[in-house]
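> Here's my sequence, what's the structure:
(2 chains)
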Amino acid sequence: MTNHVSLMNRRRVLAGGAALGIATVLPWRADASEVRRGGVLKYATLGLDTADPHRHTGSIAVQQLYVEALTSIGPDGNVEPFLAESFDLSEDGKIYTFRLREGVKFHNDEVLTASDVVANIERVKSKVSGGWLASAMKLVDAINAPDARTVVLALKEPYSPLLNLMSELWILSPKSEGWADTIRTPIGTGPFRFGEWQPRVKLVAPAHKAYWREGMPYLEAVEADLRDDVDMALALRAGDLHVAKVSREVAAQLGRSTDIAVTSLKDSSWFFVSFNNRSPRPPFNDLRVRQAIAYAVDKTAFMRFAAGGTGVVTNQMIAPGNIYFDKAQHDADPHAKPDLEKAKRLLADAGVKPAETRLELVSWQENYPQVVVQMIRRLGFQVNHVALDDLGAQKRLGQYDWDLAVMSSGPRADVFLRYVRLMSDGPNPVLWGGVQDPEFDKLVRAAVAEPDLPDRKALYTKAWQRVLDNYYTVVLGHASDTIALRRQVKGYEPGFTWSPNWASGGIAQTWLSA
Amino acid sequence: MKQSIDIGLRLVKALGQALGIVVLVFFLSRIVPGDTVDMLAAQGDLTESQQQAMRHSLGLDRSAVQQFVSWAAAAAHGDFGESLRFKRPVADMLATALPTTLVFAGLSFLVGVGLAFGLAVGAVMTQSRAITALVDAVNVWSIALPTFCVGVVGILVLSVWLGWLPVLGGMLLPVLIIGIDSAGQMVKPLHEELREAATSAHVRTARAKGVSALRVALVHLLPAALPVALALSGLVLAGLVAGTLTMEVLFGLPGIGSLTLSAIHGRDYPVIQAAIVVIAVALVAINSVIDILHRLIDPRLAT
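Numbers count the residues shown, from 1 in each chain, chains lettered A, B, ... in the order given. This next block holds a predicted model:
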């Protein structure tokens, strides 16, 4: 017996962006009768490092133009059927059955079949060593294609993030050039084809004429600008770009223009102060000292600085509005407001003389860590603030010879992808100080294996309580990443993550007015 | 014979300089913290053991000296390897980027030389105060205004406000900016040299004989200024390497400069290394050619 996976009750996740009070409704939305076909959309958000979609890790925003997956993440964070028109999960939470959409064609005009899907899952399982999917695929016991439109995936144990993670298991034609090793010319099913790629310059993606969504895409092509050191805001103002990722400060300026609208991703980025948990140096291994530092940070002032009026203050790693946000925990945050006197008393109790204590603080070369530095200095600590570029910070954090790190982290397709970073063997744990807590690991593993949503949420909340109690990391708040677009862009709204293509919306239905 | 030996020695010295730059940059780039695996890890998807395995497979866990030996052995056979980030042959990436830089630098040089000669000759031949003032203005412009500042203002005015030129990928504005900057470096000494030549006896005689102004300029003035022009061209060409780098980044031109910068950001060592080889060889070649030409046209230097 199987249970049909009801999207609404399995993963009802409200739009984080709306909860953050960010304008997400664009003023120039038009109805379908007005649609104008043709035109080349010039689009600049994130880069593209590889032509092999299975090997792309991290935040992805370009390859979704030409490749799609069995599921996608809707703007509200829910899993939507995508190349699969439906999916079912067995009672024991171990067997997923995907029913493929009929008549989906690859860019080489061949029809997508279940055996193609199986070949893609096998390829990721055997060839890809890094990434979220690699660990998920280790749990796969068997993959079968009983008929041309059915794929059955059997897991060794229940794994609740699977449907979300499947939104990044790209389905390509096994005839793609380089399939046996590294794909050089991906043949996907996306609304646009992989055209001409110039690494770190551009990707020209012409429309897929036989795209499965009736009458779409409306655009003739998308030109993804992949240059990473140019001023996208100026290019947008000059009309060289139609859609661009911009910083929050720039977004505020651009928003005043009548030619440009500013919107944001629906999921949020979160800001936090992490302690070195892997090898903490005295006195920062003393809980009272960690508490004192948390009391010294004015979260409201920080979020006002970091996100203007668009941020929210919380102690949760998930923004308000999301099903995994725990209001009771949020309301009980002792650090919602700063308390400098209490902080000083805690330091005195711990026998710490801040003036004689040097604190090594690592951050990226951003403005917002300065705010935390100044707040901690009010306690009297000597703060040595080391601001490094992305890779420099990555290296330094991995050495665990620091005390505090002020960081942020972006949207993820599933809550587990946030929790996993704090697990003992989690991917890239350095931003959170390399937490090693078997009890936390146990709770997250139990949450992942729990098919029932309320029970799963309770387990995640319990795991987060350990983070709060041990002061592994102190969350300051959330804000969404911003995207600006020119007036003639219609039918475009950012999604939950950086992906520009999902079942219920995205770039396939975007068009350019005259 | 002696001149040939001189030129030979000059070339050997140049080769040594180029090798020195390449070796220095190889080790300096390894001192900068972080590597390509850190970049992938920073995107959040690699566990610590996956990072170690990847570092091992890319040879990044070996000592810098071991890495240099294998890189140099391959490079000596013309194999610059594969980009760690894009998994593409470095030679292909350079071949794609090089034409942009060559066209950009070439056009900028032509604009610079043309403008400098035009203004300097014009000022001397016409004795016009307006043109002389323009010589000074271009010179002061070049000294006082950094090209990246002019670039930003130029984008704002010509692209954003007036909408005449594209912000990304357009070559007209950066060529003009670098061209004027180059002209500014050359025009003043060139003007002085020509003015001095114009007062010399043979020019006065030519004029007295009724030789046309154009002929005086071409036959009598310009050859006199050639050694100075050559020396200045060397400086300007070397400066172009730095100038094109910033302009390529600012205007989004996909040349060697922006390729190098993005490789540095991503610690893409094979690309950094190959790009530096190209830049070092170009710089040393420019200097050597100028030096050799100088010796050929001015025999006093060869003695």
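> ok, which residues in the stretch 151-300 of chain A are in contact with chain B?
Within the stretch 151-300 of chain A, the positions near chain B by CB under 8 Å from any CB of the partner chain are A:182, A:198-201, A:225, A:227-231, A:234-235, A:237-241. Every C-beta, even on glycine, is put in place using the N, C-alpha and C of the backbone.
> Show me just the buried residues among those residues.
A:199-201, A:225, A:227-228, A:230-231, A:234-235, A:237-241 (16 or more other CB atoms under 10 Å in any protein chain shown).
> of all these, which comes closest to A:Ser129?
The nearest member of those to A:Ser129, counting by CB to CB, is A:Pro199 at 22.0 Å.
> ok, the residue lying closest to the closest one once chain neighbours are set aside - how many residues close by?
Ranked by CB to CB, 6 or more residues apart in numbering or on different chains and with sequence neighbours excluded, the top spatial neighbour of A:Pro199 is B:Phe86, at 4.4 Å. B:Phe86: 21 surrounding residues under other CB atoms under 10 Å in any protein chain shown.
> Give me the phi and psi for B:Phe86.
B:Phe86 adopts backbone torsions of phi -100, psi -10, taken as degrees, to the nearest 10.
> got a list of what it touches?
By CB atoms under 8 Å, 6 or more residues apart in numbering or on different chains, the contact set of B:Phe86 is A:49-50, A:199-200, B:93, B:268.
> List the contacts of A:Asp407.
Actually, residue A:407 is Met rather than Asp. A:Met407 sits in contact with A:271-274, A:363-364, A:431, where contact means CB under 8 Å, 6+ apart.
> Please name the bridge partners of it.
A:Phe272 (DSSP bridges).
> And the helix or strand where A:Ala393 lies, how far out from the chain middle?
In this assignment (DSSP states H and E), A:Ala393 forms part of helix A:390-399. Counting by CA atoms, centre = their mean, to the nearest Å, helix A:390-399 is centred 21 Å from the centre of its parent chain.
> do stretch A:357-364 as well
Worked out by CA atoms, centre = their mean, stretch A:357-364 lies 27 Å from the chain centre.
> Share the number of residues neighbouring the residue of the stretch 351-500 of chain A found nearest chain B, please.
Going by CB to the nearest CB, chain B is nearest to A:Leu391 of the stretch 351-500 of chain A, at 2.8 Å. By other CB under 10 Å, the residues close to A:Leu391 number 22.
> what's the distance between it and A:Ile260?
As judged by CB to CB, to the nearest Å, A:Leu391 and A:Ile260 stand 32 Å apart.
> and what of B:His191?
Going from B:His191 to A:Ile260 by CB to CB gives 47 Å.
> Compare the two (neighbour count), which wins?
Taking other CB under 10 Å, B:His191 and A:Ile260 do not tie; B:His191 has more neighbours (24 against 20).
> helix or strand for that one, which one?
Element membership for B:His191, per DSSP H and E: helix B:172-198.
> what about the closest residue to B:Leu253 other than its chain neighbours, distance to B:Ala201?
Distance criterion CB to CB, 6+ apart; nearest residue to B:Leu253, sequence neighbours excluded, is B:Thr100 at 5.5 Å. The gap separating B:Thr100 from B:Ala201 is 49 Å, by CB to CB.
> Between the two, point out the one with more neighbours.
B:Thr100 (21 against 7).
> Find out how far the helix or strand containing the more buried one is from the centre of the chain, if you would.
For B:Thr100, the host element (DSSP H and E) is helix B:90-126. Taking CA atoms, centre = their mean, the mean C-alpha location of helix B:90-126 is offset from the chain mean by 10 Å.
> what do you get for stretch B:62-71?
Once both centres are worked out by CA atoms, centre = their mean, stretch B:62-71 turns out to sit 29 Å from its chain's centre.
> can you list contacts of that stretch?
B:23, B:26-27, B:30, B:59-60, B:81, B:269-270, B:273.
> 10 Å instead?
By CB atoms under 10 Å, 6 or more residues apart in numbering or on different chains, the surrounding residues in contact with stretch B:62-71 are B:22-23, B:26-27, B:29-31, B:55-56, B:58-61, B:75, B:79-81, B:269-270, B:273-274.
> In helices, which of those residues fall?
B:22-23, B:26-27, B:29-31, B:55-56, B:75, B:269-270, B:273-274 (DSSP state H).
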